[in-house]
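> Here is my input, please return the structure:
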Amino acid sequence: MRRPAQLALAALALACACGEPAAPEPGAAAIEAVPAIEAIDAIDVIDVIDAEAGTASAETGPEPDAGLELRIDPIVALPPTELPLTLLTTMRAEDPRDSAATIRNDDSGVIRQYRVGDPLAADATLAAVSKGVIQIQRPGDSESLAISPLSVELREGDVYYPDLVEPDDFVGVLAQGLQLPPGLNYVVKRPDSAYGTPPTIHAIQEAIRGYHQRNPGGPKIHVGDISRRGGGLFPPHLSHRHGRDVDVGYVLLGDEADEERFRAAGPHNLDVARSWALLSAFLAAGSVHYVFADYGLQRLLYEHAVAAGVGPERLAEVFQYPRGRHAPHGLVRHWRGHVNHFHVRFHE
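Numbers count the residues shown, from 1 in each chain. Purely as a prediction, here's the structure:
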């Protein structure tokens, strides 16, 4: 007959088994979004497994020395991370290297799917994925991040653009950067922060040159930050780390057009025709990955493009508007903080 401790463990295993999702088809991934299990004494998660049958059981059976074994999930036993991350779902695959997790960066509001081996921060990597918990590898240390037992509220500023994210979005360096030189048709706001990859620097110059050829007599374009020399972390920016991002001021009306400082744009001061021409010149470069622009300004640019005869297919390709400010569609997407400039990310 089993001792009380063994029966308690078996009951716990049965309770956990009742909440398991149906087994996936062979080769398919299993997606879980389950609350983390609170610690029970010194053991976090315990499975009672019949080593021969490979199944959990609460039935009366042989003593442990006849095949009963205890297994503790080693990831759950790791200390919890202090990184500002929220784990939303885990997805385990037949090959552990193909497992993934959906995580929100609480500082940036970016929600994206990470695969094993992807960087989560400058010094942190997703090392392993288990049910409802992940392992984070940091220099000389391993940490855990579990799905919260409480409901997670998505915030108005949270952004989930799964088609735009890249593994090095929030890490990276600029190995062979060039500084954007002064130009006749543009102003570089901070030359010390205007280093980019050679293709990026060339694309910026070509876009502005093409814009001024088609719009002579307009004000100079204001070019903001690209990257620091050598790239890397660039507060307060979330990106701008590897020389492929650039901030560009909208073309404004009146005296504000010549102000070097980025000014908030709106119906009262946005030169819609010239701003659309400038944005079009960047898109024409052919190497644009995406553009971030305020959703309200997208509406003004979209309406102007419609009046200018741009076709429905091109409009749908370019703009997120009018599908909603969180819709994962269009080269131009909404992101908070882009009412006074637009942000262009170029492909490698």
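> how close does Val248 sit to Val291?
Distance of Val248 to Val291, given as CB to CB, to the nearest Å: 9 Å. In this view, the C-beta of every residue, glycine as well, is placed from N, C-alpha and C.
> Domain ranges for the chain, per the record?
Here the domain parsing of the chain from automatic domain parsing is 4-22+36-72, 178-346.
> Quick one: closest of the ones you listed to Leu154.
domain 178-346 (9.3 Å; CB to CB).
> can you map out the helices along the stretch 1-150 of the chain?
4-18 (DSSP state H, counting those that start in this stretch).
> Might you list the low-confidence residue ranges for it?
Within the stretch 1-150 of the chain, the stretches with pLDDT under 70 are 1-71.
> hmm, back to that, quick one: common contacting residues for Val248 and Val291?
Common contact partners of Val248 and Val291 (CB atoms under 8 Å, 6 or more residues apart in numbering): 282, 342-344.
> which one among those gets closest to Ala77?
With CB to CB as the yardstick, the closest approach to Ala77 among these comes from His343, at 41.7 Å.
> check contacts around the closest one.
His343 touches 239, 245-248, 291-293, 335, counting by CB under 8 Å, 6+ apart.
> you'd agree it is in a strand?
Yes: judged by DSSP: H, G, I helix; E, B strand; the rest coil, His343 forms part of a strand.
> Can you tell me how far it is from Asp225?
In this view, His343 and Asp225 are 9 Å apart by CB to CB.
> Any chance you could list residues touching both of those two?
245-247.
> Adding neighbour count and pLDDT, write those residues out as a markdown table.
What follows is the shared contacts of His343 and Asp225, written out as a markdown table (neighbours: other CB atoms under 10 Å; pLDDT from 0 to 100):
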| residue | neighbour count | pLDDT |
| --- | --- | --- |
| Asp245 | 24 | 91 |
| Val246 | 26 | 96 |
| Asp247 | 21 | 96 |
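> could you redo those as JSON lines and give each row secondary structure?
What follows is these, written out as JSON lines (three-state DSSP):
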{"residue": "Asp245", "secondary structure": "strand"}
{"residue": "Val246", "secondary structure": "strand"}
{"residue": "Asp247", "secondary structure": "strand"}
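> Would you map the strands across the stretch 151-300 of the chain?
178-179, 186-188, 195-196, 221-223, 245-249, 288-292 (DSSP state E, counting those that start in this stretch).
> just so I know, which of the ones you listed lies nearest Thr102?
strand 288-292 (20.0 Å).
> Can you list the strands that the closest one pairs with?
strand 332-333 (parallel), strand 341-346 (antiparallel) (DSSP bridges).
> The last one: which residues count as buried?
Spelled out, it's strand 341-346. By neighbour count on 16 or more other CB atoms under 10 Å, the buried set for strand 341-346 is 341-346.
> CA atoms of it as CSV?
This file holds the C-alpha atoms of strand 341-346, laid out as CSV (Å, rounded to 0.1, in the frame of the first residue of the first chain):
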residue,chain,number,x,y,z
HIS,A,341,8.5,62.9,-37.1
PHE,A,342,8.3,59.7,-39.0
HIS,A,343,10.7,56.8,-38.4
VAL,A,344,12.1,54.7,-41.3
ARG,A,345,13.6,51.3,-40.9
PHE,A,346,15.6,50.0,-43.9
